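Peer 1: prediction below, plus the sequence it came from.
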Amino acid sequence: MKDKNLPNDYNSLSLEELTNEANKMIEDLESHKDLENSIENYQNLLKLNNIIEKKFQKNVKDIHEKTKENILKITSKKNAKKIK
């Protein structure tokens, strides 16, 4: 895969889109017999993998925070009902 085919801003893509992009890069690397010429593509794949990992961790953190907020809302409603 050529650099010109890579999006400049991976942060705007979803995890699914980034994963699809990584899969395309893997397929491209697997199709080459001579891996010496694929070093740059492999490095791009490693960079993309790091971006995917960071985005995944951010999403997990966001989900954790939202869940925590929802639990606090539910428990505060239950406590308010007990007081009445």
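Peer 2: That came through, no problem.
Peer 1: separation between S38 and L46?
Peer 2: Shown here: S38 relative to L46, a distance of 12 Å by Cβ to Cβ, to the nearest Å. Any C-beta I mention is one placed from the backbone N, CA and C, and that applies to glycine too.
Peer 1: the more surrounded of these two?
Peer 2: The neighbour count for S38 versus L46, taken as other Cβ atoms under 10 Å, is higher for S38 (19 against 11).
Peer 1: okay, that one: pLDDT?
Peer 2: With respect to pLDDT, S38 scores 86.
Peer 1: determine the three-state secondary structure at it.
Peer 2: Here S38 is helix, with the state taken from DSSP: H, G, I helix; E, B strand; the rest coil.
Peer 1: next up, the contacts around it.
Peer 2: By Cβ atoms under 8 Å, 6 or more residues apart in numbering, the contact list for S38 reads L29, H32.
Peer 1: rounded mean pLDDT for stretch 16-30, please.
Peer 2: pLDDT averaged over stretch 16-30 gives 92.
Peer 1: buried stuff in that stretch?
Peer 2: L18, E21, A22, M25 (16 or more other Cβ atoms under 10 Å).
Peer 1: just those residues: which are in helices?
Peer 2: Members of these lying in helices (criterion: DSSP state H): L18, E21, A22, M25.
Peer 1: quick check: end-to-end length of stretch 26-39?
Peer 2: 12 Å (Cα to Cα, to the nearest Å).
Peer 1: among the ones in helices among the buried residues of stretch 16-30, which one lies nearest to L72?
Peer 2: L18 (31.8 Å; Cβ to Cβ).
Peer 1: give me the below-cutoff pLDDT ranges for this structure.
Peer 2: Filtered on pLDDT under 70, the chain yields the residue ranges 1-8, 84.
Peer 1: tell me the SS of I71?
Peer 2: helix.
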